[in-house]
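Participant: just the structure for this:
(one chain, ligands or ions: 1)
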Amino acid sequence: MARYFPKSFVADLISRVDIVEVIGKSINLKKNGSRYKALCPFHDEKTPSFIVTPEKGIYYCFGCSENGNAIDFLIKFENLSFPEAIEALSEIVGLQLPENSKYKEDNHKYLFQAISKANEIYKLNLNKNNDASNYLKNRGINKFSIDRYELGFSPNSWDSLRKSALKKDYENYNQSGLMIKNEKGHYYDRFRNRIMFPIKNISGKIIGFGGRIISNEQPKYLNSPETNIFRKANELYGLYEAKNKKGNIDKIIVVEGYIDVISLTQNGIESVVATMGTAITNSHIKKLKRFSEKIIFCFDGDKAGRAAAWRALETLLLSAGGTIEFKFLILPEGSDPDSIITQEGKSNFENLIEKSMSLTEFLFSELEEKIELNNTDNLSKLVSLVKPLLEKVSNPIYKELIINKLSQKINIKTEKLSNLLEEKNIERKVDAPIPQNLSKNTLIRKAITLILHYPSAARELKTVPNLSDIDLPGIRLLENLIYISRKNKNYNTANLEEHFREDNEGKFLSKLIGEKPLDNKNAAPLVLSDSIKRIIENDLRNKLSNLMNKGSKLTNEEKLKINDIQEKIKSFF
Ligand SMILES: [Zn+2]
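Facilitator: Sure thing, here's the model as predicted:
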């Protein structure tokens, strides 16, 4: 649901609300020093591990890691929507809702209606257009599949949909991504000369489209943009159809394209879904886990496919080691699921599925591609590759399993390897700019955690540090947190969380709520300024050593830069 409240209003609300009062209405809180304790309402437990910290405005459960501010509690425990939670809190605090925050009429209903009307039009178009029908025929897609997946066609024209639609619906088409409104206020069709693949949510409602061009133009595939009802990171093409098939789903196969889904199911491989040009997300995995305990990720054997598979692996490590079995099927180079099933048949494809690798097998096969495992010279390289991966694994047994396997492969004792992997400051390439992957023990993560828990520490920094030259994971978030905390003098932890509610950073911050930054909060300003100094100094030293490594190949400009950096480093002493 779209956000209708000014951020400043929500921030004010969060600062005023007494989280103990809010949560205390629903569950029994017991005072414990400056905090409150309770049995966690989000998981079963006999001894209380649910903590409410009024000063920070947040709750945290040490058992299940559930956490958030007062708004989150109302959303998660009372099942309120965001606007409902804001309304409820405003009432408790006695704040008047701002004028412009009256609910917009929920327009989702109209978007769904517009989209489904459009699909009826697209379906009629497909029957009328020979080029489109021939395209599908040539791809081997039969009438049964066309009906099952409700395929359609958008003609090669700027106003085909517009002409078939009522004027009052234009804006709904615009908001559902099927039309585009130009600067002059004119509407025109987004999809032209494309086979239309309707994307359905889990209850069968169409929420967006994928469009495949039938000429040689680019892009080959065009998807609906993100809208209020369509989020690529949450949706899987074909899941609704897979779910509706009779019988149990013993496994789900995840592929990369719409045609792959249709082609496989048409040829007797059931329960196939596809992502929509995005990497696998946790949200996808959560969804899939509801339907099957065995999920097979199928990737094309080319470079792009292997890279996508590795990204999937990195995401899967988070939930690996549970009851769900993840498998990887990397197809021979140059082929995709559609080409294999149509050229080699169902049984050959099933054979490939049989041979698919477990998550661990795939992990090691990829590592072996990158380095020779049986060469001890590569040990530090290996450790630097595996360490960030292991940090993602949440299941401790699974983590140990990987370490054991690895120790066998490289013929080194498990304890020694564990120690190596535990060691801090092992040189490793930083190639993950997203804060989600910001590993523990980094100074940046520590500084972020500090500010999150003690925003006032950022206000006590003598000057605003200049971090703009630094390019490390998490540094932009750190910069942002310093800026926000200094600008808003009354911000507490709950405010900071609220500020990032709709962003990826928000999810990352909520992970850090459970990390205890310090024993003595009075030390926060000093520790923070010290960490920031060290971040800057380390960065300068890295840049310096990179330049020095160039030796005689240095340009004059670079030589000056070295002087400059050396001066800066001196100023730290
Ligand atoms: Zn809990």
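Participant: excluding chain neighbours, give the residue nearest to P455 in space.
Facilitator: What sits nearest to P455 in space, not counting adjacent residues and going by C-beta to C-beta, 6 or more residues apart in numbering, is S485, at 4.0 Å. Every residue, glycine included, has its C-beta placed from N, CA and C.
Participant: tell me the mean pLDDT over the helix or strand containing the one you found?
Facilitator: Take DSSP states H and E as the rule and S485 turns out to sit in helix 475-487. For helix 475-487, mean pLDDT is 89.
Participant: helix or strand next in line after that helix, which one?
Facilitator: helix 493-499.
Participant: mind listing what's buried in stretch 527-538?
Facilitator: Residues of stretch 527-538 classed as buried under the neighbour-count rule (16 or more other C-beta atoms under 10 Å) are V527, L528, S529, S531, I532, I535, I536, E537.
Participant: will you turn those residues into JSON lines that also has pLDDT?
Facilitator: Output for those, formatted as JSON lines (pLDDT from 0 to 100):
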{"residue": "V527", "pLDDT": "91"}
{"residue": "L528", "pLDDT": "93"}
{"residue": "S529", "pLDDT": "91"}
{"residue": "S531", "pLDDT": "92"}
{"residue": "I532", "pLDDT": "92"}
{"residue": "I535", "pLDDT": "92"}
{"residue": "I536", "pLDDT": "91"}
{"residue": "E537", "pLDDT": "89"}
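Participant: excluding its backbone neighbours, what's nearest N193?
Facilitator: N156 (3.7 Å).
Participant: before we move on, the earlier item: what's near enough to touch the residue nearest to P455?
Facilitator: Shown in contact with S485 (C-beta atoms under 8 Å, 6 or more residues apart in numbering): I451, P455, S456, A458, R459, Y491, L496.
Participant: so K232 makes contact with N223?
Facilitator: Yes - in this structure, K232 is within contact of N223 by C-beta atoms under 8 Å, at 7.0 Å.
Participant: any common contacting residues for the two?
Facilitator: M276, G277.
Participant: what does stretch 271-279 rub up against?
Facilitator: Residues contacting stretch 271-279 (C-beta under 8 Å, 6+ apart): 199, 210, 221, 223, 232-233, 235-239, 242, 245, 249-258, 260-261, 264-265, 284, 288, 291-292, 308, 311-312, 315, 337.
Participant: switch the cut-off to 7 Å
Facilitator: Stretch 271-279 is contacted from outside by 199, 210, 221, 223, 232-233, 235-239, 242, 245, 249, 251-258, 260-261, 264-265, 284, 308, 311-312, 315, using C-beta atoms under 7 Å, 6 or more residues apart in numbering.
Participant: what residues sit buried inside that stretch?
Facilitator: S271, V272, V273, A274, T275, M276.
Participant: look at the fourth one and report its pLDDT.
Facilitator: With respect to pLDDT, A274 scores 96.
Participant: can you list the residues of the chain near the ion?
Facilitator: Contact residues, the chain versus the ion (C-beta under 5 Å from the ion): C40, F42, H43, C61, G63, C64.
Participant: one step back: from the buried residues of stretch 527-538, pick the one nearest K327.
Facilitator: Set against K327, the nearest of these by C-beta to C-beta is I535 (40.6 Å).
Participant: if I pick that closest one, what's in contact with it?
Facilitator: For I535, the contacting residues are L443, I444, A447, by C-beta under 7 Å, 6+ apart.
Participant: element containing it, please.
Facilitator: helix 524-548.
Participant: same question, N172
Facilitator: Using DSSP H and E, N172 falls in helix 170-175.
Participant: now for that helix, which elements pack on it?
Facilitator: Contacts defined by 3 or more C-beta pairs under 7 Å, 6 or more residues apart in numbering; DSSP states H and E place helix 170-175 against helix 108-128, strand 179-181.
Participant: can you list the ones you listed in a markdown table and add mean neighbour count and mean pLDDT?
Facilitator: A markdown table is the format used below for the helices and strands packed on helix 170-175 (neighbours: other C-beta atoms under 10 Å; pLDDT from 0 to 100):
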| stretch | mean neighbour count | mean pLDDT |
| --- | --- | --- |
| helix 108-128 | 18 | 91 |
| strand 179-181 | 17 | 94 |
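Participant: point me to the residue of the stretch 101-250 of the chain nearest the ion.
Facilitator: N234 (24.5 Å; C-beta to the ion).
Participant: who's in contact with that residue?
Facilitator: S283.
Participant: would you reformat the buried residues of stretch 527-538 as a markdown table and include distance to F508?
Facilitator: Listed next are the buried residues of stretch 527-538 as a markdown table, based on distance: C-beta to C-beta, whole Å:
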| residue | distance to F508 |
| --- | --- |
| V527 | 20 |
| L528 | 18 |
| S529 | 23 |
| S531 | 18 |
| I532 | 19 |
| I535 | 17 |
| I536 | 22 |
| E537 | 25 |
